[in-house]
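> My questions are about this predicted structure, shown below with the sequence.
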Amino acid sequence: MASIPLVGTCFPTSKAFLDYLDTIQFKAWTPRFVTMHHTGGPSLATWRSYGNRKVPITDEKWMRNLAGWYGTPESSGGPKDGPWSAGPHFFFTPANFCVLSLPEKRGVHAVSFNALSWGVECVGDFDSEAFTPDLANRYAEGLACLHVALGISPDPFVINVRGLHFHRDDPKTTKTCPGRKVDKVAMVSLIKAHMARLTGSASHDDDDPPPAVVAVKQKGIVNVAAGDFLSVRDEPSAKSPETRRLARGEVIEIIGEAMNGGTRWLKIASDDGGDFVSARYVTLV
């Protein structure tokens, strides 16, 4: 039995998970959107039993077991049409955000969406088990990390182009995944709320003064993945309306910077006085 290429690391907090995601270097392949699944098996009840076994199965141990299973031929008990070259990129449990397959390479999780998305398995069988508010909030937090890391939004949804995808959106499947009890509109709303918190845009409301902008004068180069774009926003906030988009390699004139929560924003010159981009996607020159 040969294992698929494995990361196998699990992160209990969104901060630790985001710190890991910040280290990813994309090359020939870049995900355009995120696809949400549920595990079905193990169910939540089965996953919870892992810790009560004579030799407990930790989430890290489970990732190693999964890597071996995905690399096993179907005839020997592996996945359908196995062995696979990879598996879903991430597994979210109530305790951890786990990385299974290499995030910088194409995974295997949904026929129509493999080439363009990160695949995320969320522990539970949400056709039969309750998708509780606590679980929805936990999984939305992890999904928010992925969207923040990629600089994308979970909406609007355009199939095979952008927005949060469910496995059941795949026209080549009859699956209900991530479960009949999971509502996409509700999940998108939760993800966006967590994104606002993670990026600092939830740190003030409309009655608070906007973040202070410090004048600077410098040039920068847009440093996003090939084929991707950088959103330009009206204010230094991920919740602010997108005014335009910049392509990889575009040179921008930076005229200011601002901190919103823990996120640094750059004010760039424009005809109307200036717009903002996230500093993490700009290389200063």
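Yes, it's here.
> Let me know the pLDDT of the residue nearest the centre of the chain.
Centrality entry for the chain: nearest residue to the mean C-alpha point is residue 146, 1.7 Å, by Cα atoms, centre = their mean. Each residue has a pLDDT score; the one for residue 146 is 95.
> helix/strand/coil for it?
Here residue 146 is helix, with the state taken from DSSP: H, G, I helix; E, B strand; the rest coil.
> now the strands for the chain?
9-11, 33-38, 90-92, 97-99, 117-122, 165-166, 213-222, 229-233, 242-247, 251-260, 263-268, 275-278, 282-284 (DSSP state E).
> coming back round to it: list the contacts for the residue nearest to the centre of the chain?
21, 34, 90, 118, 120 (Cβ atoms under 8 Å, 6 or more residues apart in numbering). (Each C-beta comes from the backbone N, C-alpha and C, glycine too.)
> Tell me where the stretch 1-150 of the chain is predicted with low confidence.
1 (pLDDT under 70).
> Helices of that one, start to end?
14-21, 44-50, 59-70, 133-150 (DSSP state H, counting those that start in this stretch).
> most tightly surrounded among the ones you listed?
helix 133-150 (a mean of 21; mean count of other Cβ atoms under 10 Å).
> angle of that one against helix 14-21?
Going by axes from the mean of the first three to the mean of the last three Cα atoms, to 10 degrees, helix 133-150 is angled at 30 degrees with respect to helix 14-21.
> chain center to helix 133-150, what's the gap?
7 Å (Cα atoms, centre = their mean, to the nearest Å).
> Format the CA atom coordinates belonging to that helix as CSV.
Provided in CSV are the C-alpha atoms of helix 133-150 (Å, rounded to 0.1, in the frame of the first residue of the first chain):
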residue,chain,number,x,y,z
PRO,A,133,-25.0,26.0,15.1
ASP,A,134,-21.7,25.2,16.9
LEU,A,135,-20.6,22.9,14.0
ALA,A,136,-21.7,25.4,11.3
ASN,A,137,-19.8,28.2,13.1
ARG,A,138,-16.7,26.0,13.5
TYR,A,139,-16.6,24.9,9.9
ALA,A,140,-17.4,28.4,8.6
GLU,A,141,-14.4,29.6,10.5
GLY,A,142,-12.1,27.2,8.7
LEU,A,143,-13.7,28.0,5.4
ALA,A,144,-13.2,31.7,6.1
CYS,A,145,-9.5,31.0,6.6
LEU,A,146,-9.3,29.4,3.1
HIS,A,147,-11.1,32.3,1.5
VAL,A,148,-8.9,34.9,3.2
ALA,A,149,-5.8,33.0,2.2
LEU,A,150,-6.8,33.0,-1.4
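> so how far is residue 248 from residue 61?
According to Cβ to Cβ, to the nearest Å, residue 61 and residue 248 sit 39 Å apart.
> oh, I was asking about residue 108
27 Å.
> between the two, who's got more neighbours?
residue 108 (19 against 15; other Cβ atoms under 10 Å).
> can you tell me how far that one sits from residue 175?
From residue 108 to residue 175 the distance is 15 Å (Cβ to Cβ).
> I figured residue 110 hits residue 118, correct?
No - if you go by Cβ atoms under 8 Å, residue 110 and residue 118 don't touch, sitting 10.7 Å apart.
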